[in-house]
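K.L.:
show me how the following folds:
(chains A, B, C and D)
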2 protein chains.
Amino acid sequence: MQLETLKNQFESYLKQKGCKITKSRFDIIDIIARYSSHFEIEDLVNWITQEDKKIASRSTVYRTVKLLQEFGAIREVIKLNNRTIYEFIAGKPHHEHLVCIECGKIIEFNKEKIEELQEEVCKEYNFSPVNHRLEIFGICSDCRSKRDENR
Amino acid sequence: MQLETLKNQFESYLKQKGCKITKSRFDIIDIIARYSSHFEIEDLVNWITQEDKKIASRSTVYRTVKLLQEFGAIREVIKLNNRTIYEFIAGKPHHEHLVCIECGKIIEFNKEKIEELQEEVCKEYNFSPVNHRLEIFGICSDCRSKRDENR
DNA sequence: AAGTTATTGCAAATGAGACTCATTTGTTTT
DNA sequence: AAAACAAATGAGTCTCATTTGCAATAACTT
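P.N.:
The predicted structure is shown next:
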């Protein structure tokens, strides 16, 4: 299972950084993998308190999310109204998001051509990209239909 | 001067919305126009407290920023580490941003083709876009040179 | 196993932004 | 132009997400 691979890589990452290998850190990865691929920290905390065993406190969750982000297992994909939505990457190909401002639905898409054009732009400005985020906010087809019905 | 045009349009907007034409609101536009095209609300508050005349309180700044955003004179362009950077649009053509994570420099760019591809994606998913934001985070050429020097 | 160092949990601190409410100001009516 | 009404303002309070300090604990090192 590739989750194990991810954990092994994370372990190496931690060691090389001089960090310790703790149970909390790996349990949190499990929780993220078990639940949804898009989540907010508050969700994580809720899932964790649902589970019986004491996995980690809120502070640890925050600290671990930061670590996992540096490591590259998760990334911030949506920033809207002081909320941050993370995504568990786990080998998924890169993609961007459509966000429905009515129902909150998130649609993933990938346009290779957009990625290429971004590369081009970076070259033009002699800029070394580390990561990027494209969010398109709007109304999804379901919500639009519902709106139209109510006329 | 096009700033006047903007103000006139904003005035119409306010009237049509049943809002009042107040000095604060127009003074805040002046401040934004006078200082930088990219700013955070805290900057605005600082600039305002620097000026002698009492222009507006922190609350009014927050409220006016919201209004100007609805109106379309400014937009949220960068969301990074719980900070929100706004941009004064004032008739500028649409563009996206490269953000240096080292020095904070912001480079604007426009790639018409990227916009077109986004339109395409939205059509595919039958999604009605309202707005979008593309942020590319990385290291600018200046910061990279500095890094290289220190070797 | 003892010693060192990072991590954890808790509680308290922080910071952006929204909210409350008494007072002021802009607008409309008479 | 004064009165009447509604919206805007300022100052402070409140909320909520996130960060931090610290004492206790767990993970590595030798």
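
K.L.:
counting by contacts, list what the lengthiest strand in chain A packs against.
P.N.:
Ranked by residue count under DSSP state E, the longest strand found in chain A is strand A:128-139. Identification of packing neighbours for strand A:128-139 by 3 or more Cβ pairs under 8 Å, 6 or more residues apart in numbering or on different chains; DSSP states H and E yields strand A:74-80, strand A:96-100, helix A:112-125, helix B:112-124, strand B:128-139. Just so you know, the C-beta spots here come from the backbone N, C-alpha and C atoms, and that holds for glycine as well.

K.L.:
now do 6 Å
P.N.:
With contacts taken as 3 or more Cβ pairs under 6 Å, 6 or more residues apart in numbering or on different chains; DSSP states H and E, strand A:128-139 sits against strand A:96-100, strand B:128-139.

K.L.:
including distance to A:Ile21, mean pLDDT and mean neighbour count, could the ones you listed go into TSV?
P.N.:
Listed next are those as TSV, based on distance: least, Cβ to Cβ, whole Å; pLDDT from 0 to 100; neighbours: other Cβ atoms under 10 Å in any protein chain shown:
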stretch	distance to A:Ile21	mean pLDDT	mean neighbour count
strand A:96-100	33	95	21
strand B:128-139	29	95	18
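
K.L.:
save these as a markdown table, and put in distance to DNA strand C too.
P.N.:
Conversion of the helices and strands packed on strand A:128-139 to a markdown table gives the following (distance: least, Cβ to the nearest atom of the strand, whole Å):
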| stretch | distance to DNA strand C |
| --- | --- |
| strand A:96-100 | 18 |
| strand B:128-139 | 14 |
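
K.L.:
could the ones you listed be laid out in TSV, adding distance to A:Ile114?
P.N.:
Output for the helices and strands packed on strand A:128-139, formatted as TSV (distance: least, Cβ to Cβ, whole Å):
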stretch	distance to A:Ile114
strand A:96-100	7
strand B:128-139	9
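
K.L.:
quick one, phi/psi of the residue nearest to A:Cys19 when sequence neighbours are not counted?
P.N.:
Nearest-residue entry for A:Cys19: A:Leu67, 7.5 Å, with adjacent residues in sequence omitted and distances by Cβ to Cβ, 6 or more residues apart in numbering or on different chains. When read as degrees, to the nearest 10, the backbone of A:Leu67 gives phi -60, psi -50.

K.L.:
count of neighbours near A:Leu67?
P.N.:
A:Leu67 has 18 neighbouring residues, counting by other Cβ atoms under 10 Å in any protein chain shown.

K.L.:
thought A:Arg133 was touching B:Ile136?
P.N.:
No: the pair A:Arg133 / B:Ile136 is not scored as a contact, 8.3 Å apart, by Cβ atoms under 6 Å.

K.L.:
so which residues on chain A come close to DNA strand C?
P.N.:
Residues of chain A found near DNA strand C (Cβ under 7 Å from any atom of the strand) are A:14, A:18-20, A:22, A:24-25, A:54-57, A:59-60, A:63-64, A:82.

K.L.:
list the contacts for A:Leu98?
P.N.:
Applying Cβ atoms under 6 Å, 6 or more residues apart in numbering or on different chains, we find A:Leu98 in contact with A:107, A:136, B:127.

K.L.:
what about 7 Å?
P.N.:
Listed by Cβ atoms under 7 Å, 6 or more residues apart in numbering or on different chains, the contact set of A:Leu98 reads A:107, A:109, A:136, A:138, B:125, B:127.

K.L.:
inside helices: which ones of the residues of chain A next to DNA strand C?
P.N.:
Members of the residues of chain A next to DNA strand C lying in helices (criterion: DSSP state H): A:14, A:24-25, A:59-60, A:63-64.

K.L.:
got a ChimeraX select line for the buried ones in those residues?
P.N.:
This is the ChimeraX syntax for the buried subset of those, where burial follows 16 or more other Cβ atoms under 10 Å in any protein chain shown:
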select /A:14,24,25,60,64
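
K.L.:
for chain A, list the residues in contact with DNA strand D, please.
P.N.:
Residues of chain A lying near DNA strand D (Cβ under 7 Å from any atom of the strand): A:15, A:20-23, A:40-42, A:58-59, A:62-63, A:66, A:82-84.

K.L.:
all set, thanks.
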